[in-house]
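Colleague: Give me a 3D structure for the following:
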Amino acid sequence: MNLDLTGKRALVTGSSAGLGEATAKLLAAEGAAVVVHGRDKERTERVAREIREAGGSATAVLGDLAEDGAAADVAREAVAGGPVDILVNNAGFYRHLSWAEASPGEWLDTYNVNVVSGVRMIQHLVPAMRERGWGRVITIGGGLASQPMNTHPQYNATLAARHNLAVSLARDLKGTGVTSNVVSPGAILVEATKDLVTGIGPARGWGETWDEIQPNAVDALIPNDQERFGEPDEIAAAVAYLCSGYAQYVSGATLRVDGGLIRSAF
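Modeller: Below is the predicted model of the structure:
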């Protein structure tokens, strides 16, 4: 399937590593001019450079989207090379905290980074998409939005908010030619996930090596029909599809890419 994103310009927030990096690289491979965003200059510029070395088009922008002024600067730099047609709200963070450890301040910080930062970018960039009559807003959510864990409750709640705002935005975009959707990953094998699992694996009796730990970790933490962790490229592929012309009739939807981890039919 040729997604033909040539002539489109995409901003992928939080794309200096992990899911965002994989998404930026795949969108570029499909022909989009990509704006790689991050807070670390070296990592962000590395991703943009690797895209260009592979024959794609990419520029790097830096800024903390949790701050109004910095978010406005990121949006301004992103459109300096042309209008942004695709916004992938990927940036976010969490800390593994219990209910007792997650203070009200932690809740506020997590909500600002994971929810309000995306709202800032939507408000900066979507009005111009409306005017042009075409655009894509993809929010990266997660299964914990609908099936929360007992730990890191502040993060679970922000994922639910991300799903909700994406659907609300889709309703607001009725008749504009702009769509808003959610890609909801399961447990994806990025570096931080592997570090966490290998760190706790031996103490939990899952084994000592990664080959021993991985299947036991999947059974204990994320039992799913594919019996494995997901890969970043699998999330990127779902985003790329929703950005394409093939998905023009898809709006306000949640596309789960989790191997069957979430058991609900809806």
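
Colleague: Give me the phi and psi for the nearest residue to residue 192 once chain neighbours are set aside.
Modeller: Of all residues not flanking residue 192 in the chain, residue 18 sits nearest, at 7.4 Å (CB to CB, 6 or more residues apart in numbering). Backbone N, C-alpha and C define where each C-beta goes, glycine included. Main-chain torsions, residue 18, degrees, to the nearest 10: phi 60, psi -140.

Colleague: Isn't residue 18 up against residue 232?
Modeller: Yes - judged on CB atoms under 8 Å, residue 18 makes contact with residue 232 at a distance of 6.3 Å.

Colleague: Please say which of the two ends up with more neighbours.
Modeller: Remark: of residue 18 and residue 232, residue 232 carries more neighbours, 21 against 18, as counted by other CB atoms under 10 Å.

Colleague: moving C-terminal of whichever helix in the chain runs longest, what's the next helix or strand?
Modeller: Selection of the longest helix in the chain by residue count, based on DSSP state H, yields helix 153-172. In the C-terminal direction, the helix or strand that comes right after helix 153-172 (DSSP states H and E) is strand 178-185.

Colleague: Need the CA coordinates for that following strand. PDB is fine.
Modeller: Presented in PDB, the C-alpha positions along strand 178-185 are these (Å, rounded to 0.1, in the frame of the first residue of the first chain):
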ATOM      1  CA  VAL A 178      -9.500  17.400   9.000                       C
ATOM      2  CA  THR A 179      -9.700  14.200  11.100                       C
ATOM      3  CA  SER A 180      -8.700  13.400  14.700                       C
ATOM      4  CA  ASN A 181      -7.900   9.900  15.800                       C
ATOM      5  CA  VAL A 182      -6.100   8.000  18.500                       C
ATOM      6  CA  VAL A 183      -3.500   5.300  18.100                       C
ATOM      7  CA  SER A 184      -3.500   3.200  21.300                       C
ATOM      8  CA  PRO A 185      -0.300   1.200  21.800                       C
END
